[in-house]
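Q: I'll drop the sequence and a predicted model, then ask my questions.
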Amino acid sequence: MDVVRYGRLLYEKGLTSGTGGNISARVGDIMVITPSGSCKGMLDPTELVTVDIATGKAANGKPSMETPFHLAAYRRRPDVNGVVHVHPRFCTVLACAGIPVDPALTPEGLMVLGRRVPLIPYATPGTDDLAMRLGREVETADSFLLESHGAIAVGKDLKDAFHRMETLEAHAELQYHLAVLGKGRPLPADEVRRILKE
Ligand SMILES: [Zn+2]
């Protein structure tokens, strides 16, 4: 099961720690999501929770507390089939400092993260308010920082969302070090358009 495989990868790569984060995949009309309070490196396939995307009702067990924003992503984006939410170190440093990620620092950033990585204003974890705030941005972006909290990446499948999260954290680390050096600048606007094929 992809949720188990990518949960372990996120944990082994140091993108999540303790019982932090939650991941899900769409399978038809339902989403399969990690259970509340679980270590993503040691998931058992039998403890995954299935939730009806239309009604939000869980068929078994207690789903992740962040179920509302996972549902918001699937309801608003029919092309999204995987969602990853974790608290990687450098993404969370920028998110706590209120500094948005600038994807235009590198071609890789633009190609994987797109033109925009919205910084979602703070809302209490697990609330409909947080889901609503993501819902406002998810139709026009694929990766996000959550102010004073962490990061979200969505993708056409869970593998795509995982790669985007890994790139987002690498990019946040690059941006952090550039800020420490007082160096670095975004690519020129015409190069950004060329890379994005606009
Ligand atoms: Zn979180």
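A: Thanks, I have the structure now.
Q: Which of the three states applies to the residue nearest the centre of the chain?
A: The centroid of the chain falls nearest to residue 152 when counting by Cα atoms, centre = their mean (1.8 Å). Classification of residue 152 using DSSP: H, G, I helix; E, B strand; the rest coil returns strand.
Q: So what pairs up with it in the strands?
A: residue 85, residue 144 (DSSP bridges).
Q: can you check residue 52 too?
A: residue 30.
Q: As a check, name the ranges of all strands in this protein.
A: 22-27, 30-33, 49-52, 82-86, 119-120, 143-146, 150-155 (DSSP state E).
Q: Take these and lay them out in TSV including mean pLDDT.
A: TSV is the format used below for those (pLDDT from 0 to 100):
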stretch	mean pLDDT
strand 22-27	97
strand 30-33	97
strand 49-52	98
strand 82-86	98
strand 119-120	98
strand 143-146	98
strand 150-155	98
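Q: out of those strands, nearest to residue 12?
A: strand 82-86 (12.6 Å; Cβ to Cβ). Every residue, glycine included, has its C-beta placed from N, CA and C.
Q: low pLDDT regions in this protein?
A: Nowhere does the chain drop to pLDDT under 70.
Q: Recalculate using a threshold of 80.
A: Residues of the chain meeting the criterion pLDDT under 80: 1.
Q: For the helix ranked longest in it, buried residues please.
A: When the chain is parsed with DSSP state H, its longest helix is helix 158-181. Under the neighbour-count criterion of 16 or more other Cβ atoms under 10 Å, helix 158-181 has 158-162, 164-176 buried.
Q: Check stretch 31-50 too.
A: Buried residues in stretch 31-50 (16+ other Cβ under 10 Å): 31, 32, 33, 34, 35, 36, 38, 39, 40, 43, 48, 49.
Q: what does stretch 20-29 give?
A: Buried-residue list, stretch 20-29, by 16+ other Cβ under 10 Å: 20, 21, 22, 23, 24, 25, 26.
Q: how close does the residue nearest to the centre of the chain get to residue 60?
A: Residue 152 is 25 Å from residue 60, where distance means Cβ to Cβ, to the nearest Å.
Q: And the furthest pair within the buried residues of stretch 31-50?
A: Greatest spacing in the buried residues of stretch 31-50, by Cβ to Cβ: 31 and 39 (20.2 Å).
Q: isn't residue 58 right up against residue 48?
A: No - taking contacts as Cβ atoms under 8 Å, residue 58 lies outside contact range of residue 48: 10.9 Å.
Q: list the residues that contact both of the two?
A: Shared contacts of residue 58 and residue 48 (Cβ atoms under 8 Å, 6 or more residues apart in numbering): none.
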